[in-house]
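Trainee: Compute the structure for the input listed below.
(2 chains)
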Amino acid sequence: MSLLLLLSGCVEKEVLDDISLIEGIGFDLSENGKILGTVTFPLYLKDAPPKNQTFSAEAKIKKSFLQEIQKQTSDPIVTGSLEVVLFGKDIAKKEGILELIDAFQRDPGVGAGLYLAVIDGEAKSLLEGEYGIRGNGTFLANLLEHNIKQEEIPRSNLHLFLADFYQEGKTPFLPQLKQTSKKKIEITGIALFSQGKVIDVIPPEKMFSFKLLVDRFSEGMHQVSIEEGDAAIRSIRSSHKFELTKRNPEEISIHIKVKGIINEFTGNNLTSKMITKLEKQFEEDINKECLSMIERFKEKELDPIGLGRYVKTQTKNFDINKWRNTEYKNLKVKVTSDVVITETGVIQ
Amino acid sequence: MKVTIPENRKVAPFLVFFIIHSMQTGIGILGFTRIIARHAGYDSWMSIILVGIIIHILMWMIYKMTTIADGDIIAVHTYIFGKKLSKMVCSIFILYFCLLIVTVLRGFIEIVHVWMFPDLSIFWFALVFFILVIYIVNGGIRTITGIAFFSVVLPFYIVITFLLTIPYASFTNLLPMFDHSLTEVMKSAQSMSLTVIGFETLLFIYPFIKSPEKSRKWAFFSNIYTTLINLYVAIFTFAYFSENQLQKYTWPLLTIWKIIKMPFVERFEYIGIANWCLIILPNVCLALWCASWLVKQIFSIRQKTSVPALAIVCLASISLIITGETQNMLSDLTGRIGFYINFIYLPFLFFATLLARKVKKSETPS
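Mentor: Predicted coordinates:
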């Protein structure tokens, strides 16, 4: 028993008050081609919201920039509380983010639910802003979390990014953010990756349809126009189903189901005939948008919704090279949807 | 040779369930999913079932052997080979159990090094662990069985933690099924031997079971339970990781815990890995007890002496394994030896017993 007590002094201690728990990390490309890393952590003050501290340093090997930052801080930097990692536009497009992610994969103290995002701009300047009342890292993590849960960003974190990256027949994606002022951040789309580099970005107005195709169940808002007026329809539950209807060339039928409620309508009265019209228009919108998105993916040789993966699950001895080189290009996709509007609010 | 053991030192038949399952569950389950997926991909869940069936047959063979020879492994060997040869062959098992102890405990320390405390002293931790083990082993097989019971029941909640992966899992990863050849499935089955060995302790503790015929069904249930748990872990692992991603992680089960978010702890792995200390405790205790019991039967050295002596030998060996790479080589070696002893030598022993019985029957005039 006494030996056990003695043993507890044998490993390195980390007292909570004497360490800096960083909440956010940002990566940019510096002028001389090195990696510029920025960390942010909150400084807890008495009777005041936490103050954001950021430190930046350059390093050749990615995560070793943390060593450089240790030279600047009074308390040792610790990554156990990391919530979000941001990649600046230049590094995401030119160098790719794969090598940067390797360090987070390897670190036992980093959670798999870590949020990753691409910044339309510089990660450093974004992290140096002042957002919210709980610290920048927490603000960013919360921003992404509620948009994933109830709005139009598909499920995304470190684990899912890696699972998609290593999956044959799928390419990964991450949300894209932009700093609009010193105190505001906005979601500006979904960045699509191939080989770790950003190839294309899905704009905000198309994110709803993208999420319908990617997530198992999704929510989100969509504007539908008919001649009597415009309606804002909120999807409260939706799902998609893939079906392989033909081979050589492959043909996939995607069927989408949406259950929605009308939040806003600019016309006069909302009759049941109009509701049916809205449903039909919504279905048309979805079909058109999804189809055009998929065509664009094929053109750019991306597959974020995993059509290749789906075909793999239906095919014995699937040949990934044949798929990439010929079959994906010749793939035909059909999209059909079924919208049901269940509620229209408390007024007529 | 017959050994009479007083009834108050024996364990009840149903407790065999806990002994077998706790012995089979060690550190193998933490990393086996990556290894089986190497050959048969995500079809390797079939390998798990295959191995379960094979072990079922092997356990049936063990019971048959021990009934015919009316005793434990030494009795079986004496029945076939006579006293002298059986003593020689069975002393190899002493080394086998020491190898198991070193592999399991060093493997656990390796996990603590990588996931929690890289600077934890191997020697001091193992020393304290062994002191606990010696204390338990000195209580006899009944005390060890009590620890085995707790190590099965208390960590059961870990089974529920897998349900937290469902939002991030795609069970369609398992499709298409039957996309691999039988050879690949069998190769996967062989590669998981380190994960499932432990049932052979039955051969060694046989004299210490009250009414051993009654314990048969409990031993079979135990194997089925282990197989189901392995299957459960494998299916959730395959749904959570994509196939190429799984090959990157040494201990997929621990990596799965990284997705768990709890309000009071950042990393659930700290709780899980600490719990694992309890799960490997009966493995080390039982192996040490079996080794010392063999020493008593073969060399007539009292267990009170051999238990600490063997512990010191194992402690020294563990302290010599300094790098993770050496530990990996050791695990592979133990897996291979375990495979040959359990899946090749055991059936051979069974058929030798049957043969010996035939010979003995024809020798005695009816």
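
Trainee: so where is the chain shaky, pLDDT-wise?
Mentor: No chain in the question, so chain A it is. The model of chain A has pLDDT under 70 over residues A:1-10, A:61-63, A:348.

Trainee: meant chain B, my bad for not saying
Mentor: For chain B, the ranges with pLDDT under 70 are B:1-3, B:365-366.

Trainee: Chain A contacts on that one?
Mentor: B:114-117, B:119-121, B:124-125, B:127-128, B:131, B:167-168, B:172-173, B:175-176, B:178-179, B:240-245, B:248, B:255, B:258-259, B:261, B:266-267, B:269 (CB under 8 Å from any CB of the partner chain). Glycine gets a C-beta too; all of them are placed from N, C-alpha and C.

Trainee: Recalculate using a threshold of 7 Å.
Mentor: Within chain B, the positions near chain A by CB under 7 Å from any CB of the partner chain are B:114-115, B:117, B:119-121, B:124-125, B:128, B:168, B:172, B:175-176, B:179, B:241-242, B:244-245, B:258-259, B:261, B:266-267.

Trainee: which of those residues are buried?
Mentor: Burial by neighbour count, judged by 16 or more other CB atoms under 10 Å in any protein chain shown, picks out B:114-115, B:125, B:168, B:175, B:179, B:241-242, B:245, B:258-259, B:266-267 from those.

Trainee: can you count the residues close to residue A:247?
Mentor: When neighbours are defined as other CB atoms under 10 Å in any protein chain shown, residue A:247 has 11 of them.

Trainee: distance of it from chain B?
Mentor: Look at residue A:247 and chain B: by CB to the nearest CB, to the nearest Å, they are 14 Å apart.

Trainee: now swap in residue A:307 and tell me
Mentor: 13 Å.

Trainee: still on that earlier bit, which ones among the residues of chain B next to chain A map onto helices?
Mentor: Of the residues of chain B next to chain A, the ones assigned to helices by DSSP state H are B:114-115, B:124-125, B:128, B:244-245.

Trainee: who's in contact with whatever residue of the stretch 51-200 of chain B ends up closest to chain A?
Mentor: For the stretch 51-200 of chain B and chain A, the shortest gap (CB to the nearest CB) falls at residue B:175, measuring 3.7 Å. Applying CB atoms under 7 Å, 6 or more residues apart in numbering or on different chains to residue B:175 gives the contacts residue A:313.

Trainee: Setting aside sequence neighbours, what's the nearest residue to residue A:190?
Mentor: Leaving aside its chain neighbours, residue A:190 sits nearest to residue A:202 (4.2 Å; criterion: CB to CB, 6 or more residues apart in numbering or on different chains).

Trainee: Spit out the contact partners of that neighbour.
Mentor: The contact partners of residue A:202, by CB under 7 Å, 6+ apart, come to A:189-190, A:192, A:210.

Trainee: Need the buried ones from the residues you listed selected in ChimeraX.
Mentor: In ChimeraX syntax, the buried subset of those is picked out as below (16+ other CB under 10 Å):
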select /A:189,190,192,210
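
Trainee: Filter the contacts of residue A:202 down to the ones in strands?
Mentor: Mapping the contacts of residue A:202 onto strands (DSSP state E) picks out A:189-190, A:192.

Trainee: now these in a markdown table, with distance to residue A:342?
Mentor: Listed next are these as a markdown table, based on distance: CB to CB, whole Å:
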| residue | distance to residue A:342 |
| --- | --- |
| A:189 | 30 |
| A:190 | 28 |
| A:192 | 33 |
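
Trainee: circling back to that earlier point, kindly reformat the buried ones among the residues of chain B next to chain A as a markdown table containing distance to residue A:40.
Mentor: Listed next are these as a markdown table, based on distance: CB to CB, whole Å:
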| residue | distance to residue A:40 |
| --- | --- |
| B:114 | 28 |
| B:115 | 26 |
| B:125 | 37 |
| B:168 | 26 |
| B:175 | 43 |
| B:179 | 47 |
| B:241 | 31 |
| B:242 | 31 |
| B:245 | 29 |
| B:258 | 22 |
| B:259 | 24 |
| B:266 | 18 |
| B:267 | 21 |
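
Trainee: Would you map out the domains in chain A?
Mentor: Using automatic domain parsing, the domain ranges for chain A come out as A:2-202, A:204-343.

Trainee: So what touches stretch B:128-142?
Mentor: A:3-4, A:7, B:9, B:11, B:105, B:143-144, B:147, B:205, B:208, B:284-285, B:288-289, B:307-308, B:311, B:315.

Trainee: Which ones among the residues you listed lie within strands?
Mentor: In strands, defined here by DSSP E, there are no members of the contacts of stretch B:128-142.
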